[in-house]
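> Return atomic coordinates for the entry below.
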Amino acid sequence: MSSRHRISIRTRITLFAGAVAALLCSLVAVLLMIAIERFVTGSLTGEIIAAGGRVAVEVERGQLEYPLAQRPGRNLQVVDSQGRVVASTPELQGKPAMATFTTDGTNIADSVVCGGVFPAGECNIVIAQRAHRAGQSWIVYSASPVVPPWVDPRLAAAIGGGALILAVIITYFGSRIVTASLRPVSTIRAKLDEINATYPENRVPVPPSNDEIHELADSVNFTLTRLQASMEQQRQFAADASHELRTPIAGLRAQLEEARLHPGETDLNELIEQSLSDVDRLQAIITDLLLLARLGHAAPELRERADLAALVRMELARRGNPDRVRLVVRSDVPVDVSHGQIGRVITNLLDNAERHARQSITVEVWANGDQAELVVDDDGEGVAEVHREMIFERFTRLDAARSRDRGGTGLGLAIARAVAQAHNGTIEVGSSAAGGARFTLRLPLATSRDDGREPAGGSL
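So this is what the prediction gives:
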């Protein structure tokens, strides 16, 4: 792994914040120095103009007062109409005019002059002002060294030092903010390290701040909830399989061992029939257990538009005793469902009704508001109110009438509820008008007429 990948996020963000802070503070310092330099240059130019203007007035009056410059570093020259220097400050005594430009019809002109009468490498701001004497036009030059970009070394040092201190402060507080922001991530990571198969119910702490880390913690907890549900489902599957498969396997083994011990007393055809019956039951139990294990956790199955009444008619047509079932369809009932899953629910409800009905079964399908309803009534013994939720649990058998001997794996109603929930629906049991059981399946009614498809939870 490269060294770049070994640098922590906190360090990388801190370095980035420090670089940006240094760049911005340097830029601010430079802009501030430029502003100060321009301000000082403007003030200096005003002073030079004032000094030259005072001398120009004296020239026009014919009364020069010495010294010409009243401030150190200022240089002045008075040049007559012939270009001769008639007066100057001591530093320029005996030297030619400091500049050759004139006012060209204006009263004041300015320029920057380097070298010449000034020391080598030194540039000066030179102001030319016109003065009228005895009908002639004279020029008064006033000058002062150009203000350097840093204006003053102490000022430059103060601004540079301030910019450096500001960059350090910004970097420090940026590091503190990043550390505080990432602290919940470290806590989440540490908590995840503690969570394993032994503690599936644990959850990571959710920070109070409403930010991306809060959303991360919510997502992690949601994932942990799904993982816990999957683990519990696996354990439930193992428990159900070990509980329900043990008895038929033990019975099959006992029959085979008895046949081996007493071969002469064994009816081979009867043994084969009993063994096949037990194998069929084992196969049915395993199929239903696998279906329950996949519902809600497998890849989504495609939902398609269907008429719930048509699905019921198709199931009834496959049965051998249609006269026993009375079908009542009040209207077309469109739903978006997995045909295979809802067909399995209809099959389970009809199988359950046929096992417990005395004479007749009534199936009703209609649309009720924004829901599609399928009702299956039988005239059997019914289900006591205290047991109406219990029968949707796996392998629940309430009495001899609902025992293993009369068929079924004890998983049909559990599968029906799981499929209904995967389709955002419900299933419940009550009492029918004939005193038997009434099972009611409710599913969202399809309202749009387009052929849009959406996935269902789980697959068969």
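
> Could I get the full set of helices for the stretch 301-450 of the chain?
Using DSSP state H, counting those that start in this stretch, the helices of the stretch 301-450 of the chain run over 308-317, 339-356, 412-422.

> For Gly435, find the nearest of these.
Closest to Gly435 of these is helix 339-356 (Cβ to Cβ; 11.7 Å). For glycine as for every other residue, the C-beta is placed from the backbone atoms N, C-alpha and C.

> For Ala180, give its distance to Ile7.
Here Ala180 is placed at a distance of 19 Å from Ile7 (Cβ to Cβ, to the nearest Å).

> do the same with Ile108
From Ile108 to Ile7 the distance is 62 Å (Cβ to Cβ).

> ditto for Met231
In this view, Met231 and Ile7 are 37 Å apart by Cβ to Cβ.

> Same question for Pro444.
52 Å.

> Looking at the two, which one has more neighbours?
The neighbour comparison of Pro444 against Ile7 (other Cβ atoms under 10 Å) goes to Pro444, with 14 against 11.

> Test of understanding: give the bridge partners of that one.
Gln371 (DSSP bridges).

> Now do the contacts for it.
Val335, Asp336, Asp370, Gln371, Ala372, His423, Asn424, Gly425 (Cβ atoms under 8 Å, 6 or more residues apart in numbering).

> Kindly report the same for Arg319.
Val325, Leu350.

> Of the helices of the stretch 301-450 of the chain, which stretch is the most buried?
Highest mean neighbour count of the helices of the stretch 301-450 of the chain: helix 412-422, a mean of 22 (counted as mean count of other Cβ atoms under 10 Å).

> hmm, back to that, ok, which of the helices of the stretch 301-450 of the chain comes nearest Asp218?
Among those, helix 412-422 comes nearest to Asp218, with 22.8 Å by Cβ to Cβ.

> what's the model's confidence in that closest one, averaged?
The pLDDT scores in helix 412-422 average 85.

> Ala56 is in contact with Arg133, correct?
No - counting by Cβ atoms under 8 Å, Arg133 sits too far from Ala56 to count as a contact (9.6 Å).

> quick one: which of those two has more around it?
Using other Cβ under 10 Å, the more surrounded residue of Arg133 and Ala56 is Ala56, with 23 against 16.

> That one - nearest residue in space that isn't next to it in sequence?
Ala131 (4.0 Å; Cβ to Cβ, 6 or more residues apart in numbering).

> quick one: the one you found from Pro96, how far?
Where Pro96 is concerned, Ala131 sits at a distance of 19 Å (Cβ to Cβ).

> The two: which is more packed in?
Taking neighbours as other Cβ under 10 Å, Ala131 and Pro96 compare with Ala131 leading, 22 against 15.

> buried stuff in the helix or strand containing that one?
Ala131 is located in strand 123-133, with elements delineated by DSSP states H and E. For strand 123-133, burial by neighbour count (16 or more other Cβ atoms under 10 Å) applies to Asn124, Ile125, Val126, Ile127, Ala128, Gln129, Arg130, Ala131, Arg133.

> Arg71 is nearest to which of the helices of the stretch 301-450 of the chain?
Checked against Cβ to Cβ, the stretch from the helices of the stretch 301-450 of the chain lying closest is helix 412-422, at 93.4 Å.

> Run through the neighbouring helices and strands of the closest one.
Counting contacts by 3 or more Cβ pairs under 8 Å, 6 or more residues apart in numbering; DSSP states H and E, helix 412-422 is packed against helix 268-294, helix 339-356, strand 426-431, strand 437-444.

> Val312: which of these is closest?
helix 339-356 (5.8 Å).

> on that earlier part again, just give me the closest of the contacts of Pro444 to Ala120.
When those are compared for distance to Ala120 (Cβ to Cβ), Asn424 comes out closest, at 91.6 Å.

> For the nearest residue in space to the closest one that is not next to it in sequence, give its distance to Val168.
By the measure of Cβ to Cβ, 6+ apart, the closest residue to Asn424 outside its immediate chain neighbours is Pro444, 5.6 Å from it. According to Cβ to Cβ, Pro444 stands 62 Å off from Val168.

> For Leu32, grab the count of nearby residues.
14.

> meant to ask about His214
Neighbours of His214 (other Cβ under 10 Å): 14.

> now what about stretch 10-17, what contacts it?
Residues outside stretch 10-17 that contact it (Cβ under 8 Å, 6+ apart): Ile170, Thr171, Gly174, Ser175, Val178, Thr179, Leu182.

> Now do the contacts for the fourth one.
By Cβ under 8 Å, 6+ apart, Ser175 lies in contact with Arg10, Thr14, Ala17.

> List just the nearest of those residues to Arg394.
For those, the nearest to Arg394 is Arg10 (50.2 Å; Cβ to Cβ).

> quick one: contacts for Val375?
Here Val375 is in contact with Thr362, Val363, Glu364, Val365, Arg438, Phe439, Thr440, Leu441 (Cβ under 8 Å, 6+ apart).

> Thr171 now?
Thr14, Ala17, Gly18, Ala21.

> so how far is Thr426 from the residue nearest to Asn424?
Distance, Pro444 to Thr426, using Cβ to Cβ: 10 Å.

> Quick one: the helices in the stretch 151-300 of the chain, in order.
According to DSSP H, counting those that start in this stretch, the helices that the stretch 151-300 of the chain contains are 153-194, 212-261, 268-294.

> Save those as CSV, and put in mean pLDDT and distance to Ala309 too.
Listed next are those as CSV, based on pLDDT from 0 to 100; distance: least, Cβ to Cβ, whole Å:
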stretch, mean pLDDT, distance to Ala309
helix 153-194, 88, 50
helix 212-261, 74, 33
helix 268-294, 76, 25
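
> of those, which approaches Met33 most closely?
Once the helices of the stretch 151-300 of the chain are compared by Cβ to Cβ, helix 153-194 is nearest, at 6.1 Å.

> Count the neighbours of the residue lying closest to Ala353 once chain neighbours are set aside for me.
Excluding its sequence neighbours, the residue lying closest to Ala353 (Cβ to Cβ, 6+ apart) is Asp378, at 4.2 Å. Asp378: 27 surrounding residues under other Cβ under 10 Å.

> where does the stretch 251-400 of the chain dip in pLDDT?
Within the stretch 251-400 of the chain, the stretches with pLDDT under 70 are 292-301, 320-323, 395-400.

> The protein - how does it break down into domains?
10-145, 212-294, 301-456 (automatic domain parsing).

> And the next helix or strand after the strand holding Ala131, what's buried?
Later in the chain than strand 123-133, the nearest helix or strand by DSSP H and E is strand 136-145. By neighbour count on 16+ other Cβ under 10 Å, the buried set for strand 136-145 is Trp138, Ile139, Val140, Tyr141, Ser142, Ala143, Ser144.

> and what of stretch 370-377?
Gln371, Ala372, Glu373, Leu374, Val375, Val376, Asp377.

> Let me know the closest of those to Glu37.
For those, the nearest to Glu37 is Gln371 (79.6 Å; Cβ to Cβ).

> Which residues lie in contact with that closest one in this structure?
Applying Cβ under 8 Å, 6+ apart, we find Gln371 in contact with Gly425, Arg442, Leu443, Pro444, Leu445.

> hmm, which two among the buried residues of strand 136-145 are most spread apart?
Distance extremes for the buried residues of strand 136-145: the farthest pair is Trp138 and Ser144 at 20.7 Å, using Cβ to Cβ.
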